[in-house]
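**Student:** Starting from these lines, generate the structure:
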Amino acid sequence: MRRRTGLAVAGAAALAWGEWLNRRWSRTLVGHAEGPVEAVVVLGYRNPRDRANLVNRWRVRAGIRSLAAGRTRDARLVFSGGAVGGDVPEARLMAQYARAVLAFHGTVLLEERSRTTWENVTRVIPLIEDVDRIKIASQPAHALKARAYLWRQRPDLAERLVRADDYRPGEWLVAKPLLALHGLWTLRGLTTEERTRVRRRAGRPAVR
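**Tutor:** Numbering: from 1, shown residues only. All right, here's what the predicted structure looks like:
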């Protein structure tokens with residue numbers, strides 16, 4: 001009985017830890033930028049088949065729901081990802097899913113050459129330079145890594161970062177401890193300066 005109770009407590013603690021860490025990451029390195037024109041950048045995931053896989057489908061949905069209500073006429077959805085795991089660029093597969101399955105009719109731009117998160121950020125910059133607000137949608141740790149890279153490459157654009165709707169309480173609940181562990185591994189490559197910026201900005205409220 002005690003063993004079962006201990007396992008239940010440990011399981012609940014792991015779920016709470018995963019939930020907390022993903023929430024924290026989703027609110028880090030974002031600010032209070034205002035303005036009518038926004039871009040939501042959706043980062044692709046390795047996709048070996050000719051249609052969007054589970055992860056990419058979720059990222060598309062997170063990107064679409066990240067578009068601010070009432071601003072769809074002045075917003076663009078930017079899908080970023082090359083043909084890393086298959087023959088078709090991830091960006092194209094995500095765009096097809098958004099159009100054909102989710103019936104998204106807003107502005108869509110594609111970046112189809114990047115093969116790493118660093119390249120995702122580098123190659124979408126020309127597509128987002130003229131917007132007032134920038135959101136990056138992916139799993140929270142991955143999106144945070146991309147935001148850190150934007151701070152490194154173009155701090156003037158990083159000042160326009162605001163929070164995407166890629167974290168919701170209870171979503172991916174069982175997987176969140178694993179996502180948290182993977183996220184810690186994903187973020188290990190940040191520089192000391194970037195880690196300091198993450199710690200300094202962690203927990204600050206973001207205006208959406």
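
**Student:** any idea of the mean pLDDT for the one helix or strand residue 152 maps to?
**Tutor:** Secondary structure assigned from DSSP states H and E places residue 152 in helix 140-153. Averaging pLDDT along helix 140-153 yields 95.

**Student:** In it, which residues are buried?
**Tutor:** By neighbour count, and taking 16 or more other Cβ atoms under 10 Å as the criterion, the buried residues in helix 140-153 are 140-152. Any C-beta I mention is one placed from the backbone N, CA and C, and that applies to glycine too.

**Student:** likewise stretch 56-65?
**Tutor:** So, applying 16+ other Cβ under 10 Å, buried residues of stretch 56-65: 56-64.

**Student:** could those residues go into TSV alongside secondary structure, distance to residue 17 and pLDDT?
**Tutor:** Converted to TSV, the buried residues of stretch 56-65 look like this (DSSP: H, G, I helix; E, B strand; the rest coil; distance: Cβ to Cβ, whole Å; pLDDT from 0 to 100):
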residue	secondary structure	distance to residue 17	pLDDT
56	helix	26	98
57	helix	26	98
58	helix	21	97
59	helix	23	98
60	helix	28	98
61	helix	25	97
62	helix	22	97
63	helix	26	97
64	helix	29	97
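
**Student:** Name the nearest of the residues you listed relative to residue 136.
**Tutor:** The shortest separation between residue 136 and any of the buried residues of stretch 56-65 is 9.2 Å, and it belongs to residue 63 (by Cβ to Cβ).
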